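S.K.: After the sequence you'll find the predicted model.
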Amino acid sequence: MMIAFTYLPGFVTMIFHGMPTVWRGRHRLILCWLVFMQAVHPGRHTLAEMARWTPAAITAWRFGRLLQAAYWNVHLLVSWLAQDLMATLPAPANGILYLFGDGSHADKRGARNSVAQKGRISQHHPWFFGLRFVLLMAAWDGYRIPVSFRLILPKRHPGYRSENALFREMVGEFVPPCWAKLVIVGGDAAYGSKANMRMVQDRDKADTARRWGFVFAISRTWKTVEEKTLKNLVTHLPRQYYQRTQVPRETAGKGRRTFWTYHTCVCLRHVGHVTVVLSKKGRNVGPHNTKLLVTNLAELTPRQVVSIYQKRWAVELLNWELKSGLGLGEHQVRGDTNRSEKSMGIAVLAYLFVLRVCHHEIIPGKPWSIFQLQHALRLRAMTNQVEHKVKMKMATTRKAA
């Protein structure tokens, strides 16, 4: 259910009151309208479709001109709203903040987009055509917050940078909240590179206010300083060395998951002394289904390492929510990289906006989704619109009398 909005609710302008940029003309108002409609619109998130439910002065052409303007930086707005949200949400008791990165893609159909590319995740997945991006998420106590994103350009593009290089840039620019005493950076095997690990180690040395650590999945081709590969450890380790470990699920009251783990301290080349945890879902599972996790936090137990890596699933859920609930990649834009990047950034801003307005709907310890928060925001916005119409009609009646 949807109604046409004739005015912008007051709580929207209050949240975007302190945006750190200088706007030209009516671009600030157009941006507020675009983010608001991206958050509350239940259908397709094309510019033309969302403009149908706005006042006559707010058109799809104005939305497109805003996305085409090159003077404002969408990454600056995402960082500002994410910092404001992290300062608003309740802090965890243990002071631990998790940072996870993940790459994904948004399907497109128009072949005239200069940054669209084709590919597939692996040989077992179908081919896709669309925009590739990498997302950085902050998580604690069930909250998942997108704090930064980058568009992955095609390799033929002169400004191409690898996914890991973009990930290191986002982590390097991230400013943790004041309550964070330990920041743990994590990712799957695609992010388990020596450059990423050294980046976290350098950040730990430079940051005197908090500790930095990492939990990455790595490939079995890694070698120790003795020129021994981890593949030999995984292949020839007897199964009686594995110990049964029960890891609690992320959702409270849903039981635990069982893993079989083995841990050892090794000295990896180019990284140094780390703890390697071998994890599999059954004691008799073969070495091909064994996951290798590595961390530089020596005080963590295998159970804690596996539990931290399981939290990485939240970034997959975040990607799905951005595409299904916020219409990431559905804007019909083409041309330069600037428009495509701003188009994706609007969906991230809308996600942060929904969390900022409706975070009180999240019950600690219980699951939540962006669709639940969008429903509450939609009801609030439509109630304000009906009240506004009633007030305007009563004012018109008084003037006529």
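M.R.: Great, that's in hand.
S.K.: quick one: the strands in the stretch 51-200 of the chain?
M.R.: Remark: strands assigned in the stretch 51-200 of the chain by DSSP state E, counting those that start in this stretch are 96-107, 117-119, 128-140, 143-152, 182-187.
S.K.: quick one: which of those is nearest residue 259?
M.R.: strand 182-187 (16.5 Å; CB to CB). For the C-beta atoms, the positions are set from N, CA and C on the backbone; glycine is no exception.
S.K.: Note down every partner strand of that closest one and its orientation.
M.R.: Taking DSSP bridges as the criterion, strand 182-187 sits next to strand 96-107 (parallel), strand 211-217 (parallel) in its sheet.
S.K.: so what does the strand or helix carrying residue 353 touch, helix or strand wise?
M.R.: Of the helices and strands defined by DSSP states H and E, residue 353 is found in helix 337-358. Using 3 or more CB pairs under 8 Å, 6 or more residues apart in numbering; DSSP states H and E, the elements in contact with helix 337-358 are helix 10-15, helix 27-40, helix 60-68, helix 74-88, strand 128-140, strand 143-152, helix 313-324, helix 370-400.
S.K.: Would you confirm that residue 45 contacts residue 330?
M.R.: Yes: counting by CB atoms under 8 Å, residue 330 is a contact partner of residue 45 at 4.3 Å.
S.K.: any chance of the strands paired with strand 182-187 in CSV, with mean pLDDT too?
M.R.: As requested, the strands paired with strand 182-187 are exported to CSV (pLDDT from 0 to 100):
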stretch, mean pLDDT
strand 96-107, 94
strand 211-217, 96
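S.K.: Pipe those into JSON lines and attach mean neighbour count and distance to residue 228 per row.
M.R.: What follows is the strands paired with strand 182-187, written out as JSON lines (neighbours: other CB atoms under 10 Å; distance: least, CB to CB, whole Å):
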{"stretch": "strand 96-107", "mean neighbour count": "22", "distance to residue 228": "29"}
{"stretch": "strand 211-217", "mean neighbour count": "22", "distance to residue 228": "20"}
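S.K.: out of those strands, which comes closest to residue 288?
M.R.: Minimum separation from residue 288 across the strands paired with strand 182-187 (CB to CB) falls at strand 211-217, 14.6 Å.
S.K.: how far does that closest one sit from the chain's center?
M.R.: Chain-centre distance of strand 211-217: 18 Å, with CA atoms, centre = their mean, to the nearest Å.
S.K.: Ok, stretch 207-215 next?
M.R.: Computed by CA atoms, centre = their mean, the chain-centroid distance of stretch 207-215 equals 20 Å.
S.K.: what about it, start to end distance?
M.R.: When the termini of stretch 207-215 are compared using CA to CA, to the nearest Å, they are 18 Å apart.
S.K.: hmm, back to that, please tabulate the helices and strands packed on helix 337-358 in a markdown table and include mean pLDDT, distance to residue 201 and mean neighbour count as additional columns.
M.R.: As requested, these are exported to a markdown table (pLDDT from 0 to 100; distance: least, CB to CB, whole Å; neighbours: other CB atoms under 10 Å):
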| stretch | mean pLDDT | distance to residue 201 | mean neighbour count |
| --- | --- | --- | --- |
| helix 10-15 | 92 | 37 | 14 |
| helix 27-40 | 95 | 37 | 22 |
| helix 60-68 | 94 | 39 | 18 |
| helix 74-88 | 95 | 24 | 18 |
| strand 128-140 | 93 | 18 | 21 |
| strand 143-152 | 95 | 21 | 22 |
| helix 313-324 | 93 | 22 | 18 |
| helix 370-400 | 90 | 34 | 14 |
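S.K.: can you redo those as TSV with distance to residue 168?
M.R.: Putting those into TSV (distance: least, CB to CB, whole Å) gives the following:
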stretch	distance to residue 168
helix 10-15	31
helix 27-40	28
helix 60-68	28
helix 74-88	15
strand 128-140	10
strand 143-152	11
helix 313-324	17
helix 370-400	28
